[in-house]
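Asker: Kindly return the folded structure for what I paste below:
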Amino acid sequence: MPTSVSSVKTEHASRYLQQLCKHWSHRFTVEFNETAGKVPFSPETSVEFAADAAALLMTLHVENPQDLERMQNVVADHLKRFAFREELDVVWTVDASRV
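Answerer: Numbers count the residues shown, from 1 in each chain. Below you'll find the model as predicted:
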């Protein structure tokens, strides 16, 4: 299962994690608290969030490698919409051992 990770520097990681999870909870069965969350987009595709005082860690899992870039963009675009007050640098790194 291809996995991609992005660590986004922000002092508002917990806020963004909760906003993203609440947003997607209208369509998916989402689990989250102030420091961790998981959104299962489908049985094969999910994103996990971990927040601390300095960054939001996002770990994306997809079944189909062709879906990876599209889902990276979906997650990053949603984050940037919630974080419109600051310029976030979202850079994904593919975990080669999980491709």
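
Asker: Looking at the protein, which helix is longest?
Answerer: If you go by DSSP state H, the chain has its longest helix at helix 68-82.

Asker: start to end distance for stretch 80-93?
Answerer: End-to-end span of stretch 80-93 (C-alpha to C-alpha, to the nearest Å): 18 Å.

Asker: buried ones in it?
Answerer: By neighbour count on 16 or more other C-beta atoms under 10 Å, the buried set for stretch 80-93 is 82, 83, 88, 90, 92. All C-beta spots, glycine's among them, are computed from the backbone N, C-alpha and C.

Asker: So what touches the lowest-mean-pLDDT helix or strand in the chain?
Answerer: Taking mean pLDDT, DSSP states H and E as the measure, the chain has strand 93-94 as its least confident helix or strand, at a mean of 94. Strand 93-94 is contacted by residues 2, 3, 4, 5, 6, 68 when judged by C-beta atoms under 8 Å, 6 or more residues apart in numbering.

Asker: Which ones among those residues lie within strands?
Answerer: Using DSSP state E, the members of the contacts of strand 93-94 that fall within strands are 3, 4, 5, 6.

Asker: Please indicate which of those residues are buried?
Answerer: Counted by 16+ other C-beta under 10 Å, these give 3, 4, 6 as buried.

Asker: Just put these in TSV and tack on distance to residue 61 and pLDDT.
Answerer: Shown next, in TSV, are those (distance: C-beta to C-beta, whole Å; pLDDT from 0 to 100):
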residue	distance to residue 61	pLDDT
3	5	96
4	8	97
6	13	98
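
Asker: This completes my enquiry, with thanks.
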